[in-house]
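Chemist: structure of the sequence below:
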Amino acid sequence: MILGKIKETLPRMSPNFRKIASFILDNDNNVAFTSIYSLSEALDISTATLVRFAKSLGYKGYQSFKKDLQEEIQHRLQPYDKVSLSKLGTLPEEKRLQKLIQNEYNNLRSTLNNLQLKDFETMIGAVQSARRIFIAGFGITRHFAQILQTTFLASQGKDVFVITGSVSDYSPQLKSFGASDIMFLMTFPPYSAEVKHVASVAKERGGFLCLFTDSASCPVYSKADVVIKCTTNSLLMSNSFVGLVSVIHVFIHMLLLSSENGGKNIRNGLEMEKMGYSIIADAGEQSCS
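Modeler: Coordinates of the predicted model:
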């Protein structure tokens with residue numbers, strides 16, 4: 001996989017090569033069908049440098065690299081019907097609704113079409129072998145981190161921690177992160193500064209890092225062992241999270257289906273809930289009598 005190889009070698013690249021690589025990872029659909037001259041102009045980098053970049057990945061030249069890139073993403077091409085904010089504001093309400101719905105559909109379709117089975121298999125294996133699970137989310141993503149925490153607690157029978165808030169808030173938990181643990185990190189523009197700290201600790205201590213983000217421009221993109229890219233295009237607000245919610249849902253179900261004890265843990269949890277509600281109901285009846 002070309003894109004996977006680019007992502008893997010990104011941290012070791014020269015500044016110019018890193019600039020090319022990041023642009024390709026963020027714009028793979030367009031780059032695959034753009035001439036070397038147009039790409040050179042867009043990046044303000046010589047065509048000779050682009051050729052050397054392709055050769056550094058094992059290709060004879062840029063054209064053979066471009067051909068393989070085209071084949072890799074051909075099935076993922078999804079055209080967007082974007083509309084400017086000014087135009088959106090002038091549309092009749094019915095048309096606005098159609099545009100907003102179409103935008104969310106595009107986000108969902110793009111996110112799901114870009115998912116790779118091997119990434120899910122890697123994450124599932126890492127969760128199953130991990131001693132403990134950590135989930136980091138700052139700002140609005142803390143809510144999604146808590147959703148993921150609830151599901152892990154219900155299905156995995158392992159300690160699960162949410163890393164959120166200020167440095168002083170999460171440091172007591174983060175300091176215990178070790179090589180046998182796994183970290184799920186969610187971050188989208190504007191990327192919070194805390195994600196750099198969390199990702200650095202996870203990698204320096206030899207843990208496994210799963211990143212949910214939107215693009216290679218994410219400041220911790222190159223540190224992750226697995227990256228799940230969620231399309232977040234929004235016509236009004238900063239981000240759409242329909243892709244992230246769906247990815248979490250798909251991942252959790254795949255994890256449950258691959259886990260021998262996942263179903264048992266959930267049944268035990270439901271029995272615990274049933275017992276709790278029964279005790280509460282009995283207590284209520286006694287207080288009324």
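Chemist: per the record, what domains does the chain have?
Modeler: 2-76, 117-258 (automatic domain parsing).
Chemist: residue contacts, Val51?
Modeler: Ile36, Gly61, Tyr62 (Cβ atoms under 8 Å, 6 or more residues apart in numbering). In this view, the C-beta of every residue, glycine as well, is placed from N, C-alpha and C.
Chemist: checking Phe134 next. Helix, strand or coil?
Modeler: At Phe134 the chain is in strand, as set by DSSP: H, G, I helix; E, B strand; the rest coil.
Chemist: now it. Nearest residue, chain neighbours left out?
Modeler: Leaving out its chain neighbours, the residue that sits closest to Phe134 by Cβ to Cβ, 6 or more residues apart in numbering is Met183, at 4.6 Å.
Chemist: please give the element, helix or strand, for the one you found.
Modeler: strand 182-186 (DSSP states H and E).
Chemist: and after that strand, which helix or strand comes next?
Modeler: helix 194-204.
Chemist: how much space between the nearest residue to Leu69 once chain neighbours are set aside and Leu235?
Modeler: The shortest distance from Leu69 to any non-neighbouring residue, by Cβ to Cβ, 6+ apart, is to Ala32 (4.5 Å). According to Cβ to Cβ, to the nearest Å, Ala32 stands 26 Å off from Leu235.
Chemist: list the contacts for the residue nearest the centre of the chain?
Modeler: Nearest to the mean C-alpha position of the chain, by Cα atoms, centre = their mean, lies Phe212 at 1.8 Å. Taking Cβ under 8 Å, 6+ apart, we find Phe212 in contact with Phe184, Leu185, Met186, Thr187, Ile228, Cys230, Leu244, Val247.
Chemist: okay, and the beta partners of it?
Modeler: Met186, Ile228 (DSSP bridges).
Chemist: can you map out the helices along the protein?
Modeler: 2-9, 15-26, 28-31, 36-43, 47-56, 62-73, 85-90, 93-113, 117-129, 141-155, 167-174, 194-204, 242-258, 262-288 (DSSP state H).
Chemist: looking at the ones you listed, which is nearest to Ala224?
Modeler: Among the helices of the chain, helix 194-204 comes nearest to Ala224, with 7.5 Å by Cβ to Cβ.
Chemist: please consider this matter closed, and thank you.
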